[in-house]
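S.K.: okay, here's the prediction I keep looking at, along with the sequence it came from:
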2 protein chains.
Amino acid sequence: MMMKALYFDRHNLKLSEVPVPEPRDDEALLKVKYSGICNTDLEILKGYMDFKGILGHEFVGIVVKSPLPEWQNKLVVGEINISCGKCEYCHQGLDRHCPYRSVLGIQGKSGVMAEYITLPLRNLHAIPEPVKPQCALFTEPLAAACEIFEQIRILSDYRVLVIGDGKLGQLIARVTNLHTSNLCVLGKHQQKLNLLNKLGIDTVHSDNFKIEAEKFQVVIEATGSWQGWELALQAVRPRGIIVLKSTYTGAHNFNPAPLIIHEITVLGSRCGPFPLALQLLAKKQVVVDDLITASFPFSEWNKAFDMASRQDSLKIIMKH
Amino acid sequence: MMMKALYFDRHNLKLSEVPVPEPRDDEALLKVKYSGICNTDLEILKGYMDFKGILGHEFVGIVVKSPLPEWQNKLVVGEINISCGKCEYCHQGLDRHCPYRSVLGIQGKSGVMAEYITLPLRNLHAIPEPVKPQCALFTEPLAAACEIFEQIRILSDYRVLVIGDGKLGQLIARVTNLHTSNLCVLGKHQQKLNLLNKLGIDTVHSDNFKIEAEKFQVVIEATGSWQGWELALQAVRPRGIIVLKSTYTGAHNFNPAPLIIHEITVLGSRCGPFPLALQLLAKKQVVVDDLITASFPFSEWNKAFDMASRQDSLKIIMKH
């Protein structure tokens, strides 16, 4: 059986005819209902991770074939790291860091911008009843936002700065706002900042931002740009923490001396806990509806990608 | 009154005639007995910190004038950060991070390679009886080594790698060895590694070092080189910690993506607790005698600096 899929050959992204994947013994076959475009996808198109294959890792799907019958016809989201389950890291519960892992649509595993995908059953999470499928699409990036608070402890009066008002910055701001009463979000797009203001979150436009003497205990970099990193270094106070959330391609000139002089902690943070993200969505402790800029049928993927790369866009959804 | 001092004019280091400094109300006047050459001094001569003035921050001195008589004639070491004592950081006990601080021989304050220096009384620590003055000279870098364990918790079975067998790497290795039973020191100089072997510390020469599947939970970078940083990134395991101890001049090309993908923590670490360092020296829990490569009279400072910049040297001392 053949299916349509968005295939990236390291040069171009094309809607191609490819075989429907065959699930292994531990895997389910899923029909993709929605997929989302993430900045990582856009970075991959620029060469990040040197990925070749079917793109995409944000999805909502329905189980059409499963080794365990209770999953049949379930609407699900799925964790993107496919670990070996056997190595030292997997045994220590660090399966998201399994050195033998593949990563959905990012590394060694066909992605979700297709009619069908396969995933191990252990990667699947049923979407709780109150969560709309379009909102469930945010589970993966929302879990990534939650990951920060699995890694560091934030006291409720810490001054926290989130740099970036894009898709990931928005989710991080909304999660961080559950942990501190002293949050500020720095961004370049007034319309995006307004969405946060409506939720009662303080924001500042980068045109008006001045580094004050009273710096931030925690700065979360979510712009996916070198400028964001440099700004974080300026805004963080001595002994403070910079959390890096965004990966991107390309290197820049850097001397680590300021990290040492000011005893800064830099913390890389990636994928996070799906169950908590789904719970936050189910209980509406984090709202995401306002982050959907547009929805396109999968056949209009090129329009979807065009819009996703526009500066004023937030989440672009494809309906399969 | 005039005195001799090693003055760096941003181009050359010269023995110059300069006025004996006048202590302020809260300061003691000290006669310098010994000074030590640190790699930071050598980096300053290459342009680090854009420092101009009398060089040096490692010293042992005798109090010749003090606003409090109990300090008179005391043999002392001194903390190098001279804080304002008034700002928010000082009030929070973060005086080593006071934004208005000067730093002895590094930033805005004449250094110790002179006949006399001034320092606030609150910076002074009397040298306990059993510590030889030449060993007390190691208090400042030893305190910097101790600082790591003020910042992170190391479990006794953590695999820890110290990169660098130089002056600072040696001290860090000796302090780390008080905290873990699973330490390895990586270096380029077999003679320096042999000193650690004599203390029962495992070492590996960089010619024989292979990154194994079993990586290190903590990697401490003490080479003061970009290569050390790159090696640290390879040797640390996912979710591990890289501690940066060495500052140096010059920048290199860097993409932070591996920090994010592997959720690495990078921790900058600088000056540390003098009282603990003096206690470790007094109780011989850390030995340092074997780290003195040579001692020169202050008048032979040029020979001392020549030898300090040799690859096979460890600590070079000047006797004033």
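M.R.: Arrived safely, thanks for sending.
S.K.: what residues does chain A have near chain B?
M.R.: For chain A, the residues in contact with chain B (Cβ under 8 Å from any Cβ of the partner chain) are A:48, A:88-89, A:94, A:97, A:99, A:147, A:151, A:213-214, A:229, A:238-239, A:244-270. Any C-beta I mention is one placed from the backbone N, CA and C, and that applies to glycine too.
S.K.: which of these fall in helices?
M.R.: A:88, A:89, A:147, A:151, A:229, A:257, A:258, A:259, A:260, A:261 (DSSP state H).
S.K.: quick one: these as JSON lines, columns for distance to residue B:219 and pLDDT too.
M.R.: As requested, these are exported to JSON lines (distance: Cβ to Cβ, whole Å; pLDDT from 0 to 100):
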{"residue": "A:88", "distance to residue B:219": "18", "pLDDT": "87"}
{"residue": "A:89", "distance to residue B:219": "17", "pLDDT": "89"}
{"residue": "A:147", "distance to residue B:219": "22", "pLDDT": "97"}
{"residue": "A:151", "distance to residue B:219": "18", "pLDDT": "95"}
{"residue": "A:229", "distance to residue B:219": "21", "pLDDT": "91"}
{"residue": "A:257", "distance to residue B:219": "18", "pLDDT": "90"}
{"residue": "A:258", "distance to residue B:219": "20", "pLDDT": "92"}
{"residue": "A:259", "distance to residue B:219": "15", "pLDDT": "94"}
{"residue": "A:260", "distance to residue B:219": "15", "pLDDT": "94"}
{"residue": "A:261", "distance to residue B:219": "20", "pLDDT": "93"}
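S.K.: show me just the buried residues among the residues of chain A next to chain B.
M.R.: A:48, A:89, A:94, A:97, A:99, A:147, A:151, A:229, A:238-239, A:244-248, A:254-257, A:259-270 (16 or more other Cβ atoms under 10 Å in any protein chain shown).
S.K.: what strand or helix carries the residue nearest the centre of chain A?
M.R.: Residue closest to the average C-alpha location in chain A (Cα atoms, centre = their mean): residue A:141, at 2.9 Å. In this assignment (DSSP states H and E), residue A:141 forms part of helix A:139-151.
S.K.: any buried residues in that helix, and which?
M.R.: A:139, A:140, A:141, A:142, A:143, A:144, A:145, A:146, A:147, A:148, A:149, A:151.
S.K.: now do the least confident helix or strand in chain A by mean pLDDT: which elements does it pack against?
M.R.: Lowest mean confidence among the helices and strands of chain A (mean pLDDT, DSSP states H and E): strand A:252-254, at a mean of 87. In terms of contacts (3 or more Cβ pairs under 8 Å, 6 or more residues apart in numbering or on different chains; DSSP states H and E), strand A:252-254 is packed against strand B:252-254.
S.K.: neighbouring strands for the strand it packs on, and are they parallel or not?
M.R.: strand A:252-254 (antiparallel) (DSSP bridges).
S.K.: now do the least confident helix or strand of chain A: distance to the chain's middle.
M.R.: Put simply, strand A:252-254 sits 25 Å off its chain's centre (Cα atoms, centre = their mean, to the nearest Å).
S.K.: where does residue A:273 fall, phi/psi-wise?
M.R.: Phi and psi for residue A:273, reported as degrees, to the nearest 10, are phi -80, psi 110.
S.K.: partner strands of whichever strand or helix holds residue A:242, parallel or antiparallel?
M.R.: Element membership for residue A:242, per DSSP H and E: strand A:236-244. Strand A:236-244 has the following sheet partners, assigned by DSSP bridges: strand A:216-221 (parallel), strand A:265-268 (parallel).
S.K.: show me the contacts for whichever residue of the stretch 1-150 of chain A sits closest to chain B.
M.R.: As assessed by Cβ to the nearest Cβ, chain B sits closest to residue A:97 within the stretch 1-150 of chain A, at 3.6 Å. Contact analysis of residue A:97 by Cβ atoms under 8 Å, 6 or more residues apart in numbering or on different chains lists A:89, B:238, B:239, B:262, B:263.
S.K.: next one: residue A:154
M.R.: A:160, A:176, A:179, A:180, A:218.
S.K.: and the second one, what pLDDT?
M.R.: Read that as residue A:176. In this model, residue A:176 is scored at 98, pLDDT.
S.K.: surely it is in contact with residue A:161?
M.R.: No - counting by Cβ atoms under 8 Å, residue A:161 is not a contact partner of residue A:176; they are 9.6 Å apart.
S.K.: which residue packs closest to whichever residue of the stretch 101-250 of chain A sits closest to chain B, ignoring adjacent ones?
M.R.: Residue of the stretch 101-250 of chain A nearest chain B, by Cβ to the nearest Cβ: residue A:238 (3.5 Å). Spatial nearest neighbour of residue A:238, excluding adjacent residues (Cβ to Cβ, 6 or more residues apart in numbering or on different chains): residue B:97 at 3.5 Å.
S.K.: how about residue A:266?
M.R.: Nearest one to residue A:266, counting by Cβ to Cβ, 6+ apart, is residue B:266 at 4.1 Å.
S.K.: and the one you found, what does it touch?
M.R.: By Cβ under 8 Å, 6+ apart, the contact set of residue B:266 is A:256, A:259, A:265, A:266, A:267, B:241, B:242, B:244, B:259.
S.K.: and the helices in chain A?
M.R.: A:39-45, A:88-91, A:133-136, A:139-151, A:167-176, A:190-198, A:226-235, A:257-261, A:274-282, A:301-308.
S.K.: pull the CA atoms of the third one into CSV?
M.R.: Read that as helix A:133-136. C-alpha atoms of helix A:133-136 as CSV (Å, rounded to 0.1, in the frame of the first residue of the first chain):
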residue,chain,number,x,y,z
PRO,A,133,-7.5,17.4,18.9
GLN,A,134,-6.1,20.7,17.7
CYS,A,135,-5.1,21.5,21.2
ALA,A,136,-3.6,18.1,21.8
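S.K.: packing partners of that helix?
M.R.: strand A:27-37, strand A:58-65, strand A:75-78, helix A:274-282.
S.K.: can you lay out these as JSON lines showing mean neighbour count?
M.R.: As requested, those are exported to JSON lines (neighbours: other Cβ atoms under 10 Å in any protein chain shown):
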{"stretch": "strand A:27-37", "mean neighbour count": "23"}
{"stretch": "strand A:58-65", "mean neighbour count": "22"}
{"stretch": "strand A:75-78", "mean neighbour count": "24"}
{"stretch": "helix A:274-282", "mean neighbour count": "20"}
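S.K.: quick one: which of those is nearest residue A:190?
M.R.: strand A:27-37 (22.7 Å; Cβ to Cβ).
S.K.: which strands and helices sit next to the closest one?
M.R.: Strand A:27-37 packs on strand A:58-65, strand A:75-78, strand A:116-120, helix A:133-136, helix A:301-308, strand A:315-319, going by 3+ Cβ pairs under 8 Å, 6+ apart.
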